[in-house]
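A.B. asks: Structure, please.
(chains A and B)
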Amino acid sequence: MLDLVNVEYDTLIPNNVGLSSDKRVQKALEKWHPGYINWWNDLIPQEFQKSLVYLRTAVSVDPKGWAKFDYVKMPEYRWGILLAPQVEDRRIPCGEHVGDKAWQEVPGEYRAMMQRLIVIQGDTEPGSVEQQRFLGKTAPSLYDMRNLFQVNVEEGRHLWAMVYLLQKYFGRNGREEADDLLRRSSGSEEAPRMLGAFNEETPDWLSFFMFTYFTDRDGKMQLEALAQSGFDPLSRTCRFMLTEEAHHMFVGETGVGRVVQRTCEAMKEAGIEDPYDIDRVRALGVIDLPTIQKKLNMHYTLSLDLFGQEVSTNAANAFNSGIKGRYMEHRLDDDHKLSDATYPVTQFVDNQIKLIETPALTAINMRLRDDYKRDAQGGVGRWNKIIAKTGIQFELVLPHEGFNRDIGVFKGKPINPDGVLLGQTEYDGQKHNWIPSKEDGAFIQSLMVPVTEPGKYAGWINPPKVGIDNKPGDFEYVQLHMA
Amino acid sequence: MGAPAKQHLIDPEICIRCYTCEMTCPIEAITHNDDNVVVDFDKCNFCMDCIPVCPTGSIDEWRVVSEPYSLEQQFEWMELPEQEAFAATASEASTSIEALDEQVAQLLAEAHAGAGGKARAPASASKPSINLYTMGKPAEAAVQGNYRLTGDPDHDVRHIILDMGNLPFPVLEGQSIGIIPPGTDAEGKPHLPRLYSVSSPRDGERPNYNNLSLTVKREEKGVCSNFVCDLEKGAKVQITGPFGSTFLMPNDSGAKMLMICTGTGSAPFRAFTMRRQRSDPDSRNAMTLVFGARTPESLPYFGPLKKVPESMLRKHFAFSRVDGAGKRYVQDELRDMEEDVAAMLNDPGTHIYICGLRAMEEGVEAAMTNIAESIGEQWHALRDTMRDEGRYHVETY
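C.D. replies: Numbering: from 1, shown residues only, chains lettered A, B, ... in the order given. All right, here's what the predicted structure looks like:
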């Protein structure tokens, strides 16, 4: 009998989808596999490819024993295809087909729309690995280096997950799209990644933490919405991906928290009370809080753009056809069709920002963005608690959603982080106060010196409170390959 | 105030609100507001599905409560509340978090009773996981080896190695696991698990092989011990646990440890010693073992123990049935080493562990009383202080 909980590991491609009895898809994936390995080998610097990294590998989709930790050379990581167990008699949770049996095959009329959603999701996964490719060289500790590589290999696995769906359910088109996922490349002139935020480089570790906190959180919200899909294989894929995605959120939230804490403690030790005394704070070798706020502003607003237009018929169609649900759809108490419901959407009317009741069906993106905002606020609150505990007078804030936007109703509008519409000249003159300047970037860059002794950390970041897999503080998370 | 109950909580300071636990919970016992993710006391059935999926470890928190914390209270928390204090007369089984299973909690409370009061873990001990696998949802292990440890025909003690395969089974030295013997009892009910102390260190009998070992003595007519001692390589065993949250070793290479045992009571001390050897191979003069048995042939691990250097582990054996020699018990050894023991009692870094047959308690208590007197201390007062500080531990059966 097919074992759909434990994973076949004796095959080239570990999986719990019975790949060995689906020769067509197995062949297609085996054909795709060398291209993927080449992509990985070209991407990650060689010295890390040969190092032993203490990684978590998913071994089952049973929550009890879903992963195990061990030293692995990254190119030998077992990227596989794992779907959460099938829920018996699962029903379509939303839209006009609500209550019908979930689809095990793609309905013809939704083929194009579904394929596009999967391709967009799939394109972000390798994109982020490309953006982060050089960070290993400046890791502030072996612990952080390990976390970076864990995030990277799991983004790689998420690419596999999307490629499997394309190969299995979308025929020749799907195969071509799967190849294109390896052809496009972050920041490339001729073939960039599809979404803007995935073409920005991740130049330093604070950016990496901000990225995993804010941008991966968009990924999480999108996966949550796709986990509600009436197309059951997509739902199951996304549900399992979320288990891994949680680690990425963890890296971001604790990473920023550790930077904030180090800064505040260094200020206290040096007797500096004023967080805006930037030169003195920087002289301590830590990142001043106003610069951390600027980094936050940038990554948060770039991530807001990922939610698309506030009012969108594409999003309405995806919901109505049952392809993509809302965040926590199963816990929402309404008709799950949004036939007559409205939802307040920010609009730009007569040069003023207003909330206007809009048919909820077309406001799906806005709603998910609001859920995201609330979710993102949680970590900011925690960081502020860290600051408050040290007695420094400073609060990090999420900027207004109109600030620094490139998509949607606020696109290009000179709105400051407080949500005040300024004149363009005034806005341009002040922008360096809100978004990291070249000098800010250069300063952070100057702190990025690698620390590779087990248990030691660069001076601008605190050690974590608890180790990965309950390991002690001086655990050697990466056994570096010495050439 | 109701009867004390065990409540599952989430540490709001460590949790990053990824809601993976909430999505994993099969009965929707976990929920959240904008600040905290919380567990509903009325719904949670301790199935533990949420524990391994948590990326931070914040999910693994437990309190004994006289009045369960409501969802609203938990939503407001900035940090976890301290464990509330219960009267000294309260039942140990219901006010400790050694196990969530009632029967197991009762067994451990009885085993620890000889310490004379509420058991506490050493302050520096690692955080134990408990109750990950239960009667309803046991783990399956495969037998990797079954070796006879003793040469005494009346004393069949076995070293059993269990492979946990891909299952996470985090276990600390000093913890126990339950083994469910197959079949049913006289009333036709499935057998309850029997507890065995793990005799391998936390990283496995072989490091990073996800296996563990047990030290099991065959008891005449013992349903489980005969089952275990007869296990063949490759056989499958149903396991519950891990259990126990206080009989643990200090995570402090400076801490002194005096370990007193008889028979299979040596199991946790084998684990303690191996842990020290692996984590702190340069440790000197910090661990002392006082081990009682009838003869060298009936003393488990006699051969391997002799190979552990005295500088790592000082060893005192007491044999009660060696021809031509007088009967000696662990308390006799303790008296002979009075000055050393007295020095340890005076050292606030000393942890004492007693493990074995219940009958050994009386003799040890008497010896300790004498030794304490020799330094002008009242043993019971000293013992209570040590116990409250997590430095005095008894596990007898």
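A.B. asks: can we go C-alpha only for contacts and neighbour counts from here?
C.D. replies: Will do.
A.B. asks: Need the three-state assignment for B:Ile16.
C.D. replies: Recorded secondary structure, B:Ile16: coil (DSSP: H, G, I helix; E, B strand; the rest coil).
A.B. asks: Spell out which parts of the stretch 351-483 of chain A neighbour chain B.
C.D. replies: A:374-375, A:378-379, A:382 (C-alpha under 8 Å from any C-alpha of the partner chain).
A.B. asks: mind running it again at 7 Å?
C.D. replies: Neighbours of chain B within the stretch 351-483 of chain A, by C-alpha under 7 Å from any C-alpha of the partner chain: A:374, A:378.
A.B. asks: Would you pull up the residue in the stretch 351-483 of chain A closest to chain B?
C.D. replies: Using C-alpha to the nearest C-alpha, the closest approach of the stretch 351-483 of chain A to chain B is made by A:Gly378 at 6.1 Å.
A.B. asks: Tell me the helices and strands packed up against whichever strand or helix holds that residue.
C.D. replies: Secondary structure assignment for A:Gly378, by DSSP states H and E: helix A:364-390. Packing partners of helix A:364-390 (3 or more C-alpha pairs under 7 Å, 6 or more residues apart in numbering or on different chains; DSSP states H and E): helix A:232-270, helix A:313-320.
A.B. asks: Name the stretch from these that approaches B:Pro138 most closely.
C.D. replies: helix A:232-270 (23.0 Å; C-alpha to C-alpha).
A.B. asks: right, and the helix or strand after the closest one?
C.D. replies: helix A:278-283.
A.B. asks: that older thread, looking at the helices and strands packed on helix A:364-390, which one is packed in the most?
C.D. replies: helix A:232-270 (a mean of 23; mean count of other C-alpha atoms under 10 Å in any protein chain shown).
A.B. asks: Looks like the residue of the stretch 351-483 of chain A closest to chain B contacts B:Asn36 (just checking).
C.D. replies: No - assessed by C-alpha atoms under 7 Å, A:Gly378 is found out of contact with B:Asn36, at 8.6 Å.
A.B. asks: quick one: which of those two has more around it?
C.D. replies: The neighbour comparison of A:Gly378 against B:Asn36 (other C-alpha atoms under 10 Å in any protein chain shown) goes to B:Asn36, with 23 against 17.
A.B. asks: Can you tell me the element B:Leu214 falls in?
C.D. replies: strand B:211-217.
A.B. asks: Show me the shaky parts of the stretch 101-250 of chain B.
C.D. replies: By pLDDT under 70, the stretch 101-250 of chain B has no low-scoring segment.
A.B. asks: Mind exporting the C-alpha coordinates of the helix or strand where B:Arg387 lies to CSV?
C.D. replies: In this structure, B:Arg387 is located in helix B:379-388 according to DSSP H and E. The C-alpha atoms that make up helix B:379-388 are tabulated as CSV, following Å, rounded to 0.1, in the frame of the first residue of the first chain:
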residue,chain,number,x,y,z
TRP,B,379,20.3,15.8,58.1
HIS,B,380,16.6,16.4,57.5
ALA,B,381,17.0,20.1,57.5
LEU,B,382,20.0,19.9,55.2
ARG,B,383,18.2,17.4,53.0
ASP,B,384,15.1,19.7,52.7
THR,B,385,17.3,22.7,51.8
MET,B,386,19.1,20.6,49.1
ARG,B,387,15.8,19.3,47.8
ASP,B,388,14.2,22.7,47.6
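A.B. asks: Packing partners of that helix?
C.D. replies: So helix B:379-388, by 3+ C-alpha pairs under 7 Å, 6+ apart, packs with helix B:360-374, strand B:392-396.
A.B. asks: picking up where we left off before, touching chain A at all, the strand holding B:Leu214?
C.D. replies: No - in terms of C-alpha under 7 Å from any C-alpha, no part of strand B:211-217 sits within range of chain A; the closest distance is 13.3 Å.
A.B. asks: now for that strand, which elements pack on it?
C.D. replies: strand B:157-163, helix B:223-229.
A.B. asks: Touching the last one from outside, list them.
C.D. replies: Pointing back at helix B:223-229 there. B:158, B:181, B:194, B:216-219 (C-alpha atoms under 7 Å, 6 or more residues apart in numbering or on different chains).
A.B. asks: which intervals of the stretch 351-483 of chain A have sub-threshold pLDDT?
C.D. replies: Using pLDDT under 70, the stretch 351-483 of chain A drops low at A:483.
A.B. asks: Recalculate using a threshold of 50.
C.D. replies: Scanning the stretch 351-483 of chain A for pLDDT under 50 picks out no residues.
A.B. asks: what ranges do the helices span in it?
C.D. replies: A:364-390, A:424-430, A:438-447 (DSSP state H, counting those that start in this stretch).
A.B. asks: and the first one, which residues are buried?
C.D. replies: The reference is to helix A:364-390. A:364-373, A:375-376, A:378-380, A:382-387 (16 or more other C-alpha atoms under 10 Å in any protein chain shown).
A.B. asks: Counting neighbours, what do you get for A:Leu302?
C.D. replies: Neighbours of A:Leu302 using other C-alpha under 10 Å come to 22.
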